[in-house]
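>>> Sequence plus the predicted model coming up.
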Amino acid sequence: MGKLPVDLRTSTSWAIANVASKGVLGGSETKFDLVNVHTARAHRLKVLAGGVGKGFFLVNYSPESSMSNYAYFTTYRPVNFEDFDEIGARMTGGSALLYSWSSLTLWDGPAYTSPGLAHARMSRWGVSTPNVGVDHGVASVIYGDGEPVGFPETWPDLDLPPSPEQLSTHTEITSKDDSLVIILDGDVLFDFDKSNIKAEAYKPLTQAASVIKSAQTQESFVLINGHTDNVGTDDYNQKLSERRANAVAAWFVSNGYLSDSIIKKQGMGKSSPRASNFDGAGRAKNRRVEIYVINK
């Protein structure tokens, strides 16, 4: 079928798997399965590269039957498949008979002279030639039937909110003062002491966006509150909670779910615990983001 209009849909959420590779010392051709997790469309990404390696054999070969697990990554800006075409790429990888791994770095244009676009690390079990090395080259998109090679987890845009059975275990939906409230576990959203959205957060955030959209009216706005546990000073936790609230808001906006004009953000620090901070389970409950849909 080739390229369709749906392939021009942008996203910052993608999945990728190493499908097959071949080459000799100093050069390689690697094919990846590149998936837009929101549209569930997939095409092949081919990287032609040359570089240096330290291998036991001159030939490196990994068949399609040993494709890697899917890795999930974010791009620094919303992109579509065309944005992955003819851009700089660097592959770092290694293999040891039955196990191999590869790390793919992509630039938003020529390698090293353009901003970084994405980074993903993949691994797989299967027969491959022992080898380690670094290759530098160019990525290009090969359009096919749009179907993934394997079975990646996708999170399509939802016209209806998820049912209780579909809801992520990291998400709670409740109400307070006539407002709908979505509570997301902080540990699925962020690494310890960080405010960058993790790949594991894409599913609960996408579901949250669907719930928000179903509850919105023309007069509603969205309030995003960041919360922390009590580890650290008041000032530190306040600033961390603000960064995390801002990060969730930016994710909704960059993925096209919400308009920045209807979002309000605030950090609550450690001022509003849901549970005791005297044990790990309680502190985990207190690390959270609460999203209020407030209808005026």
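All right, it came through fine.
>>> Please count neighbours and contacts with C-alpha atoms only from this point.
Noted.
>>> biggest helix in this structure by residues?
In terms of residue count, the longest helix belonging to the chain (DSSP state H) is helix 234-254.
>>> For that helix, which helices and strands make contact with it?
Applying 3 or more Cα pairs under 8 Å, 6 or more residues apart in numbering; DSSP states H and E, we find helix 234-254 packed against strand 220-227, strand 263-267.
>>> Show the average pLDDT along it.
Throughout helix 234-254, pLDDT has a mean value of 95.
>>> and if you look at stretch 168-181?
In this model, stretch 168-181 has an average pLDDT of 88.
>>> related to what we said a few turns ago, quick one: the longest helix of the chain to strand 263-267, angle?
Helix 234-254 runs at 160 degrees relative to strand 263-267, counting by axes from the mean of the first three to the mean of the last three Cα atoms, to 10 degrees.
>>> can you start the count at 11 instead of 1 from here on
New numbering, starting at 11: the last item is helix 244-264.
>>> Tally up the residues packed near the spatially closest residue to residue 216 that is not a sequence neighbour, please.
In this structure, residue 216 finds its nearest non-sequential neighbour in residue 165, 6.9 Å apart by Cα to Cα, 6 or more residues apart in numbering. Neighbourhood size, residue 165 [other Cα atoms under 10 Å]: 18.
>>> Strands of this structure, start to end?
Using DSSP state E, the strands of the chain run over 21-34, 37-46, 51-65, 69-72, 81-89, 97-106, 109-117, 126-135, 141-152, 181-186, 189-195, 230-237, 273-277, 298-305.
>>> Which residue is the nearest non-sequential neighbour of residue 240?
Nearest to residue 240 is residue 280, by Cα to Cα, 6+ apart, at 5.4 Å.
>>> Sorry, wrong one. I was asking about residue 231.
Using Cα to Cα, 6+ apart, the closest residue to residue 231 is residue 272 (4.8 Å).
>>> residues contacting the one you found?
Applying Cα atoms under 8 Å, 6 or more residues apart in numbering, one finds that residue 272 lies in contact with 230-232.
>>> Out of the residues you listed, who's the most crowded?
residue 232 (24 neighbours).
>>> Now do that one against residue 261, distance only.
Distance of residue 232 to residue 261, given as Cα to Cα, to the nearest Å: 14 Å.
>>> likewise residue 254?
11 Å.
>>> can I get the CA coordinates of stretch 82-95 in PDB?
In PDB, the C-alpha atoms belonging to stretch 82-95 read as follows (Å, rounded to 0.1, in the frame of the first residue of the first chain):
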ATOM      1  CA  TYR A  82       9.800   2.400  23.300                       C
ATOM      2  CA  PHE A  83      11.200   5.900  22.900                       C
ATOM      3  CA  THR A  84      10.200   9.500  22.600                       C
ATOM      4  CA  THR A  85      11.300  12.100  20.100                       C
ATOM      5  CA  TYR A  86      12.200  15.600  21.300                       C
ATOM      6  CA  ARG A  87       9.500  17.000  19.000                       C
ATOM      7  CA  PRO A  88       6.300  15.500  17.300                       C
ATOM      8  CA  VAL A  89       7.400  13.700  14.100                       C
ATOM      9  CA  ASN A  90       5.900  11.500  11.400                       C
ATOM     10  CA  PHE A  91       7.600   8.800   9.300                       C
ATOM     11  CA  GLU A  92       8.900  11.300   6.800                       C
ATOM     12  CA  ASP A  93      11.000  12.900   9.500                       C
ATOM     13  CA  PHE A  94      13.000   9.700   9.900                       C
ATOM     14  CA  ASP A  95      14.000   9.700   6.200                       C
END
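>>> buried sites along it?
Going by neighbour count (16 or more other Cα atoms under 10 Å), the buried part of stretch 82-95 is 82-85, 88-91, 93-95.
>>> Return the residues in contact with the nearest residue to residue 99 once chain neighbours are set aside.
Ranked by Cα to Cα, 6+ apart and with sequence neighbours excluded, the top spatial neighbour of residue 99 is residue 116, at 4.6 Å. By Cα under 8 Å, 6+ apart, the residues touching residue 116 are 97-100, 126-129.
>>> do that again at 7 Å, thanks
98-100, 126-129 (Cα atoms under 7 Å, 6 or more residues apart in numbering).
>>> Which of these has the largest number of neighbours?
Taking other Cα under 10 Å as the neighbour criterion, residue 99 ranks highest of those with 28 neighbours.
>>> tally of neighbours for residue 188?
Neighbour number of residue 188 under other Cα under 10 Å is 9.
>>> re the thing from before, farthest-separated two in the buried residues of stretch 82-95?
82 and 95 (19.0 Å; Cα to Cα).
>>> My guess is residue 91 contacts residue 19. True?
No. Here residue 91 does not reach residue 19: they are 8.4 Å apart, not a contact under Cα atoms under 7 Å.
>>> Pull the number of nearby residues for the closest residue to residue 181 other than its chain neighbours.
Spatial nearest neighbour of residue 181, excluding adjacent residues (Cα to Cα, 6+ apart): residue 194 at 4.8 Å. Residues lying near residue 194 (other Cα under 10 Å) number 25.
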